[in-house]
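A.B. asks: Below are the sequence and a predicted model for it; my questions follow.
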Amino acid sequence: MALQTRVRLAKLDAPKVHGLDHDTLIRIYRTMFLSRRLDDREIQLKRQNKIYFQISSAGHEAVCAAMGLLLRPGVDWIYPYYRDRALCLMLGLTPLETLLAAVGAKDDPSSGGRQMPSHWGQPKLNIVSKSSCTGTQFVQAAGAAEATLYYEGRPKALAQAKKAPLGEYVHHERDEIVYVSGGDGATSEGEFWESLNVACGKKLPLLYLVEDNGYAISVPVEVQTAGGSISKLVHSFPGLHVAECDGTDPIESYSVSKDAVQYCRERRGPALIHAHVTRPYSHSLSDDEKLYKSAEEREEEARRDPISKFALFLVREGVLDQKQIERLEAEIDDEVREAADQALTAEEPSIDSVRMNVYSPDVDPTSAAFEAEPKLHGAPKTMVEMVALTLADEMARDERITVFGEDVADASREDHLKHVKGKGGVFKATAGLQRKYGADRVFNTPLAEASIVGRAIGMATRGLKPVAEIQFFDYIWPAMMQIRDELCVMRWRSNGAFKGPVVLRVPIGGYLTGGGVYHSQSGESIFTHCPGLRVVMPSTALDVAGLLRTAIRCDDPVMFLEHKHLYRQPYNRAENPGPDFTIPFGKSRMVREGSDLSIITYGAVVHRAEVAAAQLEREGVSVEIIDLRSLSPYDWEAIAATVRKTHRIIVAYEDMLSWGYGAEIAARIADELFEELDAPVRRVAAMDTFCAYQPKLEDVILPQTSHITAAVKQLLEY
């Protein structure tokens, strides 16, 4: 329950304490008490059913307020977690703004009513939008810190970022740092350790604050953390400044934090502060700590309460007397009451606003602006060669672009480049880029997919244009949280204040005659099901050039799926279309016209459909083929036109038949164009199993030309 703290102590006098002047000490206490009172008011409002959720910062106020004195709003970059209310207040967030979030008001600066309260976000203060996910912020903060170092060496990139959409929020100062915080429970997440690995390896100016209140909801720290101390576990990380403090003591917290901040500002590497705090309230109002905390433990926490402890300290040191504290607390109570009254009458977001900021309002990759004619020249190139060529062109045009992932560099040990040809990706899709543009723009990462995507998000938030590679689609799943809950939703959840225009290049698919279960997966429908994410899958080298260039130039996150089987096929090669060739998303390609039946397809199945159509043509059957190439958005107009033309439809795709991408196309045709159909919509796809290593088994599992031919004949007989 809420603690109504009142301190009654005698008056003493002292002008200065521990290097902090009188006004600063009062400011610390004021911020701490204001944070607690806002928690108390939110709890009251929740019990009155006037807000919908509450999670408090109680017990964390001291270290957060102290840290807020050392960080510079609008200069340093802040990745807070939901108990950092005092920090955000110290940086400039107002009581009204925090309560606007609690009521879900239209003018809530964090999200416009889209996120729970205490999910801080304020672009003018460089407070980056926080999600509910535990630990995802750590790798994003690492990416943001990488952007800090990148801008220091590449002023042109900074100038280009400032001209891009949301460029008014792109800032860089030479001694800026990045702050990231989390509870002790969040350090159990893999992203925490992945971020430390990167931060220490690259000596990033990244400051970690671990606010250890002893519990992750009901799980105590000794269960979360081996040995019960995260600071002991991380001491061996090279170059990491590690310090512990009593996080309920703002003076000690300030001293320890000051050293850590300075360490980062001097570019000596990352720092981690392990602050021991308390959690006098339950995890949230959906939790009851009495179910797992003993009365004795709760009483001990009350004795360590930072509010009452610091009030006692101020009186003993003569900074304030009892009456001054009471006047200050009364003033804060009035301020909170007034802010609450304003928040409760604030305008709610309109129902129509829910579709806003799912995608960029500034750049429409489906528009005619991305229609361009190719200016073909040179020898024909394969798909994989066209990937490298297009990336090289775009990197020359835009210095914000960074390319990274596992094995994408020519050689991480640059001195070896004098003696070796260089790797450039397991498929050679990025060959030569490091040699041409430098190791700060093209580099290898640790084998950690969540870290790759999370770092890309942090870079994109800072205005860079990361093109990250996940080496095989089969191994994308460790990054699923970063993709679905962070990358896709960043713009929407922040109500357009932040964005993540990352390009994720992902080799996908089977037909490898030996790829087996873990190098042949499809699964594109899982990502087309993610609002905010564009998904494209070209089947020709020309489409690779046009769609990849659009992906890089658009302002949304894009998953660019490159079918491995198609990388070096002779039948889909194309000449260089020139550095300005783009193709709009959501615009399909007419592969061949026909009159008897239509096949809607994409990826490696396109060529199989072509072969089937050629065979059927010799038998007098005219088949039309549509290559969607853009899966989200997709070309519904072209689909509708071909349905009205042939009245018989097959949707062919490589992924498993059930619950797949083709099911949505088939369902929409049946729903909206039923009267145009002369037969049921038929799907041709893989079996509902996994792709086998043995080629004969793979041939049976994946859709083949013979399967398509048989389906066409059956449908024509209907």
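C.D. replies: Nice, thanks for sending it over.

A.B. asks: Okay, buried residues for stretch 696-703 please.
C.D. replies: 698, 701-703 (16 or more other Cβ atoms under 10 Å). No exception for glycine: its C-beta is placed from N, CA and C like everyone else's.

A.B. asks: Tell me the gap between that stretch and the middle of its chain.
C.D. replies: Centroid separation for stretch 696-703 versus its chain: 36 Å, with Cα atoms, centre = their mean, to the nearest Å.

A.B. asks: Quick check: mean pLDDT of it?
C.D. replies: For stretch 696-703, mean pLDDT rounds to 96.

A.B. asks: got it, and stretch 513-526?
C.D. replies: Summarised as a single mean, pLDDT over stretch 513-526 is 94.

A.B. asks: ok, residues contacting that stretch?
C.D. replies: If you take Cβ atoms under 8 Å, 6 or more residues apart in numbering as the criterion, stretch 513-526 is touched by 472-475, 508-512, 535, 537, 561, 564, 603, 631, 653-656, 659-661, 664, 686, 690-693, 695, 698.

A.B. asks: next one: stretch 275-289
C.D. replies: Contacts for stretch 275-289 (Cβ under 8 Å, 6+ apart): 1-3, 39, 43, 46-47, 53-56, 58-60, 62-63, 209-215, 217-218, 244-248, 253, 298, 301-302, 304-306.

A.B. asks: List the buried residues of it.
C.D. replies: Going by 16+ other Cβ under 10 Å, stretch 275-289 has these buried residues: 275-283, 285, 289.

A.B. asks: Just the contacts of stretch 513-526: which are in strands?
C.D. replies: Cross-referencing the contacts of stretch 513-526 against strands under DSSP state E gives 508, 535, 561, 631, 653-656, 686.

A.B. asks: Scan these and report the most crowded one.
C.D. replies: Glu654 (31 neighbours; other Cβ atoms under 10 Å).

A.B. asks: Quick check: mean pLDDT of the host helix or strand of Leu45?
C.D. replies: Element membership of Leu45 [criterion: DSSP states H and E] is helix 22-47. What helix 22-47 shows for mean pLDDT is 96.

A.B. asks: rewinding a little: now list the buried members of the contacts of stretch 275-289.
C.D. replies: The buried subset of the contacts of stretch 275-289 (16+ other Cβ under 10 Å) comprises 2-3, 39, 43, 46, 53-56, 58-60, 62-63, 209-215, 244-248, 253, 301, 304-306.

A.B. asks: and those, which of them are in strands?
C.D. replies: 209-212, 215, 244-246.

A.B. asks: Looking at these, which is nearest His607?
C.D. replies: His607 has its nearest neighbour among these in Val210, at 53.2 Å by Cβ to Cβ.

A.B. asks: Look up how far Ala271 lies from that closest one.
C.D. replies: According to Cβ to Cβ, to the nearest Å, Val210 and Ala271 sit 11 Å apart.

A.B. asks: Next: Glu296.
C.D. replies: 35 Å.

A.B. asks: Contact partners for the closest residue to Asp184 other than its chain neighbours?
C.D. replies: Sequence neighbours aside, Asp212 is the residue nearest to Asp184 in space, at 4.0 Å (criterion: Cβ to Cβ, 6 or more residues apart in numbering). Residues near Asp212 by Cβ under 8 Å, 6+ apart: 183-184, 221, 230, 247, 274-277.

A.B. asks: Sitting in helices, which of the residues you listed do you find?
C.D. replies: Secondary structure from DSSP state H places 221, 230 of these in helices.

A.B. asks: want to try CSV for the contacts of Asp212, with distance to Arg413 as columns?
C.D. replies: CSV is the format used below for those (distance: Cβ to Cβ, whole Å):
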residue, distance to Arg413
Gly183, 39
Asp184, 38
Val221, 40
Ile230, 33
Gly247, 42
His274, 35
Ala275, 39
His276, 42
Val277, 43
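
A.B. asks: Now pLDDT too, for the contacts of Asp212, in TSV please.
C.D. replies: Listed next are the contacts of Asp212 as TSV, based on pLDDT from 0 to 100:
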residue	pLDDT
Gly183	95
Asp184	94
Val221	91
Ile230	96
Gly247	97
His274	98
Ala275	97
His276	97
Val277	96
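
A.B. asks: so Ser255 makes contact with Val63?
C.D. replies: No. The pair Ser255 / Val63 is not scored as a contact, 11.3 Å apart, by Cβ atoms under 8 Å.

A.B. asks: surely Gln482 meets Val139?
C.D. replies: Yes. With contact defined as Cβ under 8 Å, Gln482 counts as touching Val139 (7.2 Å).

A.B. asks: and for the two, which residues touch both?
C.D. replies: Common neighbours of Gln482 and Val139 (Cβ under 8 Å, 6+ apart) are 191, 450, 453-454, 457.
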